[in-house]
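Visitor: A predicted structure for the sequence below; I have some questions about it.
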Protein chains: 4
Amino acid sequence: MSKPLEGIYVALTTPFAGDDISTAKLQDNVKKHNRTDLAGYLVLGSTGECVSLTDGESEKLVAAVMAVAAPGKKVFVGTARESTRGTVDFTNRFAGSGIAAALVRPPSYFKARMTREALRTHYLALADAAKVPILVYNIPQNTGITLDPQLVIELAAHPNIAGLKESSGSLAFLGEVVREVPADFHYFLGSGHVVYPGLEMGACGAILAVANAAPEMCAKIFTLFKAGKKEEARGLQFDLIPLNKMVMESYGISGLKYAQDLRGYYGGPARPPLLPLEEKGKREIEHQIEKLGLRAG
Amino acid sequence: MSKPLEGIYVALTTPFAGDDISTAKLQDNVKKHNRTDLAGYLVLGSTGECVSLTDGESEKLVAAVMAVAAPGKKVFVGTARESTRGTVDFTNRFAGSGIAAALVRPPSYFKARMTREALRTHYLALADAAKVPILVYNIPQNTGITLDPQLVIELAAHPNIAGLKESSGSLAFLGEVVREVPADFHYFLGSGHVVYPGLEMGACGAILAVANAAPEMCAKIFTLFKAGKKEEARGLQFDLIPLNKMVMESYGISGLKYAQDLRGYYGGPARPPLLPLEEKGKREIEHQIEKLGLRAG
Amino acid sequence: MSKPLEGIYVALTTPFAGDDISTAKLQDNVKKHNRTDLAGYLVLGSTGECVSLTDGESEKLVAAVMAVAAPGKKVFVGTARESTRGTVDFTNRFAGSGIAAALVRPPSYFKARMTREALRTHYLALADAAKVPILVYNIPQNTGITLDPQLVIELAAHPNIAGLKESSGSLAFLGEVVREVPADFHYFLGSGHVVYPGLEMGACGAILAVANAAPEMCAKIFTLFKAGKKEEARGLQFDLIPLNKMVMESYGISGLKYAQDLRGYYGGPARPPLLPLEEKGKREIEHQIEKLGLRAG
Amino acid sequence: MSKPLEGIYVALTTPFAGDDISTAKLQDNVKKHNRTDLAGYLVLGSTGECVSLTDGESEKLVAAVMAVAAPGKKVFVGTARESTRGTVDFTNRFAGSGIAAALVRPPSYFKARMTREALRTHYLALADAAKVPILVYNIPQNTGITLDPQLVIELAAHPNIAGLKESSGSLAFLGEVVREVPADFHYFLGSGHVVYPGLEMGACGAILAVANAAPEMCAKIFTLFKAGKKEEARGLQFDLIPLNKMVMESYGISGLKYAQDLRGYYGGPARPPLLPLEEKGKREIEHQIEKLGLRAG
């Protein structure tokens, strides 16, 4: 059974030229991605350094992507703020803009107070007030908050909560959730390490940072899987893991952007406090890109 | 030896009336605090729900406090943003405003990348660019980032880094830092549980949430200590602990605001996602306030 | 390709009658398990409350299992101690006893000192000295130590390290390891939530607590998978998750033992400090057992 | 008010000669310590690598210390095991031996099950059954379990629970507990960083690893404090911090043993899995020992 938003999305990096964002470079990247089998784009995700952008920059980036995204490519936007009100307000700036959904990580600064009840109240108030569909977002490595699978199941009953992005990479989490939610709920994987087994267990797609540098491989895992070519899909999954580890775990966004540069996309620098990539990291990423046969002509 | 900024500060709560901030209520609170022995005010601290405010609200709150703070009361402002550039920009909005220092917690969203080197680079770039003195802020319970005492010692050498607020409450941290920093470095305690022993070990003051509800007690620990009346200071410290635990650990900002209401200040509701205080918490806080003989006439 | 030790193992609980272990009850349980398709037994695992047993009790339990295990059923034994020397000594008590391998979790008391180098040195010294094959054991929820996948890959090169039990349930971990180890390395899953997707990604089996109460279901996931009946294997996996959650996460060993009692095995009480199961837990477990159609005649 | 067990204790290291314990070296060390103002000895503490010893070795070490401890020096023994029954049994092996108390850390392997109720039940059952007084032990850095101050207050009501060793070093913890327990309850500090401020807040002593290498300094903080010479006590506290950090945090037991060697005690090697100290660590520890003027003639 296919779902309206299913498929592989790239969690777009945000290009900087000097201190400023470059919407032109972002559009160049999106135009290249338009030619792949990706289902669409996430703008202002963690990978997009959303927390390091002003509201003004954020809106420009979304508009830039909307302007060039090919017909049929869906656009998600990260709209979380720490307060419920701030999240509603920022989410609704994109009402009527044509985005497919807003991706919202939980508030996390007042960690000790973010009980299940506080998180439920937050998400339900947001879902009630939001004029675009909401995707819940579990990313404990950045927020320090782990959503309870049972809470996700409760939230999934709300008609304006369209799905989940689960970035801890836990298939135990998926296993608890995926059969207990309505048929039109979208379970997106957020970890490039487990795309194939996650699809096999019922996820409907993935939103991936590594797709900035390897969009074809990421998209192909999905298309092979859907075509029933599971052996090949699994093989690609294994091929992807070392590169994914490098850009997610070992070197982070600066590493991912360097990999983009090697692939003919614009990566460029990350915004501080993220540090530039050191030589050792460059060598390792070059090696991985070569090994995968992805070096740009 | 006394230091220019020494003493006890209240980390002001932010009054909300309905969904909006109320600068009038905030000014009422500050006017009452003006009559105490507090050294001054922190606006936009964690207790001020800074992460739940827009930039516009934030600037109004600071202006409101500056307008009514009594002469001699110093004003600190929390100005952290996730990016270095954002932090510099927001800090420098208060250049020339008369604030005594900006309090800056570390960036914390990209936890795995916030190495000692990244944090050093961030704080040094900020200190170079900021037009007000900087106070470094260690609050791992909210950020998930623990600053290394040795890093604090390094940062203390910068002429524009005026001090530290240390909210984990670790006197081991204090013990490693306080003798290794320049004589004019301000070590502020951020935990109401350890004010007296912290002063005894060389801290020059404290910035306290509980002071919203018990400003006289907090200030008196300091004045007694400075007057050499250590037995009495320690006694007050012990008296303060149960109330401090209630408003910091058990019930958080909603509990603190309820205690303010009981004391004749305006507390009011916290902004969601913080939940309202339940009846059980109200009863316990009433009981503590009574026990301390602080019930408003 | 099949591996000599592949398949599903039950991590046996340890029966207590009053304060003492009951080897007779354990043998009764094993005799029942002998009639299932389980590949074999783990004695003295975490589920066996190994840390709560004396050395003398431990040896009796292993002997009891060896005496009644059906021909072809392999026996693993948990032999970890905190010191390298203690682990070697206790492991080698089972040399010549016919056990198939010793399962060894990392030392964990001196957490801050258990660097990758310390752990490597420990496991290599053990593998050199041990007279039985070693299975490395990753169980961070109990030890507070997470093994690095790269360390596992290094250790896998040792001829006396036969495999790994990975109980965090991370398929990202599996994805990094399973293609980088020698062909005869056994990757066992330790979480009942991810048996099917783990097999699909190249694990050769699982060692499961929940198999004490549902050995047939656990074994069947494996046999269906090997027979290429993946749809059915996945279905059973989903059926297993709620029971597995109950006995692993919600109620622990006391819950698991109650489920055993319901199935006609001997569960009985856990040894303190583990608390007895309360009525609410009993009702929930009964409900799950009923739902799965597993209630003993 | 003085308490029967008050004062500074050394948490003795365990000397190894080759692979074996050396009770002779231990007795040499104790004889040297007998000439200091230490109140007594802890045998089989974390610093004594208790988890790396067999029961037989453990009993020999205690007997060796009892045989040579000077009259008036109290002896504590670490007797924790993971099960309640094991802890009772091992504790009562020392009944009638003349030890002053048994120090018992909480069970920690089944972390998720070690609820407040489970820990209370464990400690109360132990206190009921033990034939020596019990000291509760909070050491979250090794156990991963943090005792609740309120639980400690409850336990303190039991007539056979004589006190607490608190090794997280939190004076907030102390502040919550020390006034709420019976007058004869012993609150011992377990961190060498906070001895002076802890005494100032009402602790009755400390049990310290660093005292193996600097017993005179540790004891003198206490005697100066009791004599009302607080300035001097605080000065010594600050002097102690860098050495304490080195042997506790930076280099652990191997570092501490090297510092003992430099002071004319027998330190020797730690038992694996603890690694030997590297040259860099040796140089730093030598430098600290020199700086403190403690180098053995």
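Guide: Received, thanks. As the structure is a prediction and not an experimental result, all values here were calculated from the model.
Visitor: is stretch A:73-92 positioned near chain B?
Guide: Yes: judged by CB under 8 Å from any CB of the partner chain, stretch A:73-92 and chain B are in contact via A:81-86. To be clear about C-beta, it is placed using only N, CA and C from the backbone, and glycine gets the same treatment.
Visitor: could I have the strand or helix carrying residue A:56 exported to CSV, CA atoms only?
Guide: Assigned by DSSP states H and E, residue A:56 belongs to helix A:55-68. Output of helix A:55-68 as CSV, limited to C-alpha atoms (Å, rounded to 0.1, in the frame of the first residue of the first chain):
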residue,chain,number,x,y,z
ASP,A,55,13.5,33.6,11.3
GLY,A,56,14.2,35.9,8.3
GLU,A,57,16.8,33.6,6.9
SER,A,58,14.6,30.6,7.5
GLU,A,59,11.7,32.0,5.5
LYS,A,60,14.0,33.0,2.6
LEU,A,61,15.4,29.4,2.4
VAL,A,62,11.9,27.9,2.3
ALA,A,63,10.8,30.3,-0.4
ALA,A,64,13.9,29.6,-2.4
VAL,A,65,13.3,25.8,-2.3
MET,A,66,9.6,26.2,-3.1
ALA,A,67,10.5,28.3,-6.1
VAL,A,68,12.6,25.6,-7.8
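Visitor: residues making contact with the longest helix along chain A?
Guide: With secondary structure taken from DSSP state H, chain A has its longest helix at helix A:230-245. With contact meaning CB atoms under 8 Å, 6 or more residues apart in numbering or on different chains, helix A:230-245 is reached by A:191-193, A:195-197, A:199-200, A:210, A:213-214, A:217-218, A:220-222, A:224-225, A:259, A:285, A:288-289, A:291-292, C:175-176, C:179, C:200-201.
Visitor: and if you look at stretch A:47-55?
Guide: Residues lying outside stretch A:47-55 but in contact with it, judged by CB under 8 Å, 6+ apart, are A:11-14, A:21, A:42, A:44, A:58, A:61, A:78, A:80, A:90, A:209, A:212, A:253, A:256, A:270-271, A:274, B:82-83, B:85-86, B:107, B:109-110.
Visitor: quick one on the thing from earlier: so which bits of the very next helix or strand once past the longest helix of chain A are buried?
Guide: Proceeding N to C from helix A:230-245, the next assigned helix or strand is helix A:252-263, under DSSP H and E. For helix A:252-263, burial by neighbour count (16 or more other CB atoms under 10 Å in any protein chain shown) applies to A:252-263.
Visitor: list just the nearest of these to chain B.
Guide: Closest approach between the buried residues of helix A:252-263 and chain B, by CB to the nearest CB: residue A:252, at 4.9 Å.
Visitor: show me what contacts the closest one?
Guide: A:270, A:274, B:110, B:112-113.
Visitor: which among the residues you listed gets closest to chain D?
Guide: Within the contacts of residue A:252, proximity to chain D (CB to the nearest CB) peaks at residue B:112, which comes in at 21.1 Å.
Visitor: look up phi and psi at the closest residue to residue A:166 other than its chain neighbours.
Guide: Leaving out its chain neighbours, the residue that sits closest to residue A:166 by CB to CB, 6 or more residues apart in numbering or on different chains is residue A:138, at 4.9 Å. Backbone dihedrals for residue A:138, given as degrees, to the nearest 10, come out at phi -100, psi 110.
Visitor: likewise for residue A:137?
Guide: Dihedral angles of residue A:137 (phi, psi; degrees, to the nearest 10) stand at phi -140, psi 120.
Visitor: for it, which non-adjacent residue is closest in space?
Guide: Looking at residue A:137 with CB to CB, 6+ apart, the closest residue is residue A:105, at 4.2 Å.
Visitor: wait, that neighbour sits on residue A:139?
Guide: Yes: under the criterion of CB atoms under 8 Å, residue A:105 lies in contact with residue A:139, with a separation of 5.6 Å.
Visitor: shared neighbours of those two, anything?
Guide: Where contact means CB under 8 Å, 6+ apart, the residues bridging residue A:105 and residue A:139 through contact with each are residue A:46.
Visitor: rewinding a little: tell me the one of the contacts of residue A:252 nearest residue D:121?
Guide: residue B:112 (38.9 Å; CB to CB).
Visitor: residue contacts, that closest one?
Guide: When contacts are counted by CB under 8 Å, 6+ apart, residue B:112 touches A:141, A:249, A:252.
Visitor: ok, 10 Å please
Guide: Applying CB atoms under 10 Å, 6 or more residues apart in numbering or on different chains, one finds that residue B:112 lies in contact with A:141-142, A:248-250, A:252.
Visitor: can I get those in JSON lines with pLDDT?
Guide: As requested, the contacts of residue B:112 are arranged in JSON lines below (pLDDT from 0 to 100):
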{"residue": "A:141", "pLDDT": "96"}
{"residue": "A:142", "pLDDT": "97"}
{"residue": "A:248", "pLDDT": "89"}
{"residue": "A:249", "pLDDT": "91"}
{"residue": "A:250", "pLDDT": "92"}
{"residue": "A:252", "pLDDT": "96"}
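Visitor: run through the helices of the stretch 101-250 of chain A in chain order.
Guide: With helices called from DSSP state H, counting those that start in this stretch, the stretch 101-250 of chain A shows them at A:116-129, A:140-143, A:149-155, A:171-177, A:195-200, A:215-226, A:230-245.
Visitor: please report phi then psi for residue A:79.
Guide: Backbone torsions for residue A:79, taken as degrees, to the nearest 10, come to phi -130, psi 20.
Visitor: you'd agree the residue nearest to residue A:166 is up against residue A:145?
Guide: Yes: using CB atoms under 10 Å, residue A:138 is in contact with residue A:145, at 8.3 Å.
Visitor: between the two, what contacts are shared?
Guide: Shared contacts of residue A:138 and residue A:145 (CB under 10 Å, 6+ apart): A:105-106.
Visitor: quick one: name the residues of chain A near chain C.
Guide: Residues of chain A found near chain C (CB under 10 Å from any CB of the partner chain) are A:149-150, A:168-176, A:178-180, A:191-202, A:230, A:234-235, A:237-242, A:244-245, A:248-249.
Visitor: for PyMOL, what selects the buried ones among the contacts of residue B:112?
Guide: Burial among the contacts of residue B:112 is assessed by 16+ other CB under 10 Å; the matching PyMOL selection reads:
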select buried, chain A and resi 141+142+248+252
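Visitor: and the residue nearest to residue A:166, what does it touch?
Guide: Neighbouring residues of residue A:138 by CB under 10 Å, 6+ apart: A:105-106, A:145-149, A:151-152, A:164-168, A:170, A:173, A:177, A:190.
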